[in-house]
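[1] Could you work out the structure for the sequence below:
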Amino acid sequence: MLNRTLQYALIVAAALLVAACSIPLSAGADFDSNVDFTRYSTFTWDEADERPTGDVRLENNPFFTERLHSAIRRELESRGIRYDAEGPALVVHHHATVMDRVDVYEADRERGYDPSAYGPGTQVVQWEEGTFLVDIADRETRRVLWRGWAKCDIEAALNDSKRMTSLVNDAVALMFQRLPARLVPRPVR
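    Okay, the predicted model is just below:
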């Protein structure tokens, strides 16, 4: 009986640990479908955001900003929109936030799990949610034409530059998959 109880406890603990550590990277985007994006072929960066990120590890962090700029620039240039600080048609603005999150998991009695076998039945998992936001606006009108966003568990990456680089690259690539191909100019060869 003790062996079986220990097995249940380990299975539930492992499942909770996996759930806590694998908050999936999710991304999305929205855009004005009436805009002819093919007339835009250059971009520059908007001024830095004055809103706080909510975490001192990202606040005014030049390494994080460089990672984000690099990932965004790579995605735009692969679509024929090149960087031009002198006469850009588009302005790219970005923002990142970090928020503490809490998830509560309870044993699913309907599926046959007995909470008395491994403790009180409720587990609380704390994690840090990172959100990246990218706006692409017309430089002259300042009207946002496209907005992309990504959310993920950022905790492990905050103290690991290689993980952060990978996370930023993946997040930006995933959100830019939602930049409609029909709206992007063809690269000049």
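
[2] what residues are up against the residue nearest the centre of the chain?
    By CA atoms, centre = their mean, the chain has its centre lying nearest to A150, at 2.9 Å. Each residue near A150 by CB atoms under 8 Å, 6 or more residues apart in numbering is listed here: L25, S26, A27, G28, T131, F132, A171, V172, L174, M175. Where C-beta positions appear, they are placed from N, C-alpha and C, glycine not excepted.

[3] Among these, which one lies nearest to T65?
    Using CB to CB, the shortest approach to T65 within these belongs to F132, at 11.7 Å.

[4] residues contacting the closest one?
    L68, H94, H95, A96, W149, A150, K151, V168, A171, V172, M175.

[5] what sits opposite it in the beta ladder?
    Beta-bridge pairing of F132 under DSSP bridges involves A96, A150.

[6] ditto for T122
    Under the criterion used (DSSP bridges), T122 bridges to E106.

[7] Just the pLDDT at it, thanks.
    Looking at T122, its pLDDT stands at 75.

[8] Next: E110.
    67.

[9] Also A107?
    65.

[10] again with P52
    83.

[11] Quick one: neighbours of it, just the number.
    13 (other CB atoms under 10 Å).

[12] re the thing from before, list just the nearest of the contacts of F132 to N60.
    A96 (11.5 Å).

[13] Okay, now the unreliable bits of the protein?
    Residue ranges of the chain with pLDDT under 70: 1-22, 107-121, 181-189.

[14] residue boundaries of the strands in the protein?
    According to DSSP state E, the chain carries its strands in the segments 26-31, 42-45, 82-83, 90-106, 122-138, 144-153.

[15] Tell me which of those strands lies nearest to R73.
    The nearest among the strands of the chain, by CB to CB, is strand 82-83 at 5.9 Å.

[16] list the helices and strands that closest one packs on?
    Helices and strands touching strand 82-83, by 3 or more CB pairs under 8 Å, 6 or more residues apart in numbering; DSSP states H and E, are strand 42-45, helix 62-77.

[17] quick one: strands adjacent to the first one?
    Strand pairing for strand 42-45, determined by DSSP bridges: strand 82-83 (parallel), strand 90-106 (parallel).

[18] Residues touching that strand, excluding its own?
    Contacts of strand 42-45 (CB under 8 Å, 6+ apart): 69, 76, 81-85, 87-93, 136, 139.

[19] got the buried residues for that strand?
    Within strand 42-45, the residues that count as buried by 16 or more other CB atoms under 10 Å are T42, F43, W45.

[20] Please apply the same query to the last one.
    Judged by neighbour count (16+ other CB under 10 Å), helix 62-77 contains these buried residues: F64, R67, L68, H69, A71, I72, R73, E75, L76.
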